[in-house]
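Enquirer: predicted model and sequence follow; I will ask about them next.
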Amino acid sequence: MERPDRNLKQAIGIFDSGIGGLTVQREIKSLLPYEDTIYLGDTARVPYGTKSQETVNRYSMEDAGFLMKRGVKLLVVACNTASAYALGNLRDRLTVPVVGVIEPGARKAVQVTTRKRVGVIGTEGTIKSMAYVNTIKSMDPEVSVHTQACPLFVPLAEEGWTDNEVAFLSAVTYLHNLKREAVDTVVLGCTHYPLLKGTLRKVMGEDVNLIDSAEETALEVGRVLMERGLKRTERHGPAEHLFYVTDSPDRFTMVGRRFLGDELGEVAQVSLEG
Ligand code: DGL
């Protein structure tokens, strides 16, 4: 159960539907090594990718509420589906800066595309929301955006099947249309997809840019902290990282290692009710 004594003042709050957001936490940790983080994975209610906008919105508000109570100075919506459906709402209601994963990935894609043909892959919800298409078009209306939901990539990444025949054949099947459209850039619009980068590279070829939303989001977090004068430096001492989940921590801790590329330390179970 949650240990109420454990809290960090002025940490970066990060939430995701479950384990996947650890890819974002990992990039933040590596780019901003003096920042404390508090991570919440809503493992009791994952996946968000197949749920309606209304439900994802409600869950996201509850996730954010939990982190706000812990006094975070900035909130990162690490989940692409939650960013796609709930970012506006969160920004309207919260008093701290809110960074989602869609804008940073979209911006990078617009910067690097050579023929203005961009592919976006994500969960069903992210693709259906049109969030990437609208954001990319608002940045450069001349870019043509081609999208593809790849729901099987989430369980494959969690199973650790990221570089085998099943992953390869799934990628060949899902990416067929994007290849036919001759996209020169593909945005990995889901927390889990960075783990499949090797396979996606094999299928799309060496010349296609693969945009890792997690990396771009960490850069954005760094920029926002700097702009607002909230960035911590060496003199604050070593960073601490707390992890909370809404279901039993066992699976999160085990599978999370692969997503984080490191040991997680202590993970506490919490209830978001009330
Ligand atoms: N975290 C989700 C995302 O990035 C993937 C897992 C889920 O469907 O909840 O969209």
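Expert: Here it is on my side, so go on.

Enquirer: quick one: contacts of the worst-scoring helix or strand of the chain on mean pLDDT?
Expert: Ranking every helix and strand in the chain by mean pLDDT, DSSP states H and E puts helix 249-260 at the bottom, with a mean of 91. Helix 249-260 is contacted from outside by 18-20, 22-23, 25-26, 41, 43, 157-158, 160, 195, 243, 245, 263-264, 267-269, using Cβ atoms under 8 Å, 6 or more residues apart in numbering. For glycine as for every other residue, the C-beta is placed from the backbone atoms N, C-alpha and C.

Enquirer: of these, select the buried ones using a PyMOL command.
Expert: The PyMOL selection below is limited to those of these classed as buried (16 or more other Cβ atoms under 10 Å):
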select buried, resi 18+19+20+22+23+25+26+41+43+157+158+195+243+245+264+267+269
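
Enquirer: the contacts of helix 249-260 also near the ligand: which ones?
Expert: 18, 20 (Cβ under 6 Å from any ligand atom).

Enquirer: which of the contacts of helix 249-260 fall in strands?
Expert: Among the contacts of helix 249-260, the members falling in strands (DSSP state E) are 41, 243, 245, 267-269.

Enquirer: need the nearest residue in space to residue 202, chain neighbours excluded.
Expert: residue 168 (6.9 Å; Cβ to Cβ, 6 or more residues apart in numbering).

Enquirer: and residue 45, by the same measure?
Expert: That would be residue 59: by Cβ to Cβ, 6+ apart, it lies 5.8 Å from residue 45.

Enquirer: neighbours around whatever residue of the stretch 101-250 of the chain ends up closest to the ligand, how many?
Expert: The ligand sits closest to residue 191 of the stretch 101-250 of the chain, with a gap of 3.7 Å, by Cβ to the nearest ligand atom. A count of neighbours around residue 191, defined by other Cβ atoms under 10 Å, yields 33.
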